[in-house]
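Undergrad: Any chance you could fold what I've pasted below:
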Amino acid sequence: MLSFIRSKYREIQKSPVLIFIFFIFRNSYSFIDDTVKKVLGKKPTLYYVELCVAEHCNLNCKGCVFFSNIVDGSVFYDLDQYKADMTRLRGLFGNIRNITLLGGEPLLNDKLPEFIGESRRIFPKAKIRVVTNGLLCKKMSDELINAFKENDALLHITLYKPLFDNIEDIKDILTASGVNFLVGTPATRFMKTFNENGNSDVKKAFDRCLRKRCSYLSDGTISVCSFPVLVKWFDRQFGMTVSQSLTGNSINIYDENLDGFKLKKKLLKPISACKYCSEPEWFDWEQGNNEPKIEDYCVTARAGTGRTK
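TA: Residues are numbered from 1 along each chain as shown. Modelled structure (predicted):
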């Protein structure tokens with residue numbers, strides 16, 4: 001069944017018509033829901049928000065879309081900042097339906113139990129999910145296990161090749177501990193869309209994007225996706241200046257003139273970062289054993305337009 005769903009997901013990605021129908025349906029529901037709540041004087045609902053509790057990783061995937069394999073050192077979301085940011089979002093929205101804590105590798109953050117607990121405290125009705133590569137699941141502390149159980153959070157394991165031989169043992173451990181978990185289908189393929197030249201049609205890129213509702217929270221700001229925030233690691237690695245051209249792509253959630261309806265409207269519009277998003281190109285997953293290259297991340301670099309460090 002999961003393989004069937006995944007195959008249909010890829011079909012949708014390749015079909016502009018299906019993408020259009022999908023978002024028309026979801027946007028229509030959101031518009032009606034927002035209209036009713038505005039008439040009743042209630043706050044709107046934000047469908048989804050994600051954030052990196054740790055931007056670095058322990059797997060070193062070649063061409064990571066979050067640039068986690070080229071992050072400089074250990075980079076964590078500050079817990080107090082997270083509490084403040086989520087409290088601010090609670091003032092703007094009646095609920096966030098889906099909160100995803102990811103990375104990098106979120107289990108590298110020793111304060112992950114507090115992140116889970118604060119997510120539940122501030123948004124009691126949200127679905128909370130932690131996305132992990134699973135390598136540290138056998139070392140989960142009792143505190144972390146209890147945080148998952150007490151806060152009804154889901155542990156979502158992305159199944160990469162290094163975990164193939166151990167996944168059954170991990171499933172047994174998690175089942176015995178009472179943690180609610182899900183193991184995804186094997187992640188044997190990665191996708192890249194990064195057009196380093198920044199000359200993609202912004203509207204077309206936004207219209208075909210399936211991540212345009214993956215609102216990304218980071219240090220008092222929220223953006224349409226993670227790219228405007230995390231591309232700084234690409235710049236640092238390869239001596240580029242992409243991030244300098246993306247001023248204003250992230251929204252200050254503490255703007256006094258902002259309310260939930262205005263913020264949702266902003267998050268549904270193309271941003272200048274979309275010019276760096278091209279048609280997707282799929283490649284086989286592998287660990288990066290050598291020095292990272294621009295072509296690991298960029299579709300344009302294959303045509304000889306990319307630069308090296």
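Undergrad: Give me the distance between the nearest residue to residue 155 once chain neighbours are set aside and residue 223.
TA: Leaving aside its sequence neighbours, residue 155 sits nearest to residue 181 (Cβ to Cβ, 6 or more residues apart in numbering; 4.2 Å). For every residue, glycine as well, the C-beta is placed using N, CA and C. Separation of residue 181 from residue 223 (Cβ to Cβ, to the nearest Å): 29 Å.
Undergrad: Repeat that for residue 58.
TA: 26 Å.
Undergrad: again, but for residue 168
TA: For residue 168, the distance to residue 223 - Cβ to Cβ - is 38 Å.
Undergrad: Count the neighbours of the residue lying closest to residue 88 once chain neighbours are set aside for me.
TA: For residue 88, ignoring the flanking residues on the chain, the nearest one in space by Cβ to Cβ, 6+ apart is residue 253 at 5.2 Å. Counted by other Cβ atoms under 10 Å, the residues lying close to residue 253 total 19.
Undergrad: Could you do residue 124 as well?
TA: 10.
Undergrad: now residue 269
TA: 10.
Undergrad: what does the one 5 residues further on give?
TA: Residue 274: 26 surrounding residues under other Cβ under 10 Å.
Undergrad: In this structure the residue nearest to residue 88 contacts residue 223, no?
TA: No: contact status for residue 253 versus residue 223: not in contact, 10.4 Å apart, counting by Cβ atoms under 8 Å.
Undergrad: Now for the residue nearest the centre of the chain: which residues touch it?
TA: What sits nearest the mean C-alpha location of the chain, by Cα atoms, centre = their mean, is residue 50, with 5.1 Å. By Cβ atoms under 8 Å, 6 or more residues apart in numbering, the contact set of residue 50 is 99-102, 214-217, 226.
Undergrad: ok, now with 7 Å
TA: 100, 102, 214, 216 (Cβ atoms under 7 Å, 6 or more residues apart in numbering).
Undergrad: One more: residue 74?
TA: Going by Cβ under 7 Å, 6+ apart, the list of residues near residue 74 reads residue 56.
Undergrad: With residue 161 instead?
TA: Counted by Cβ under 7 Å, 6+ apart, residue 161 has contacts residue 285.
Undergrad: Could you list the low-confidence segments of the stretch 101-250 of the chain?
TA: For the stretch 101-250 of the chain, no stretch has pLDDT under 70.
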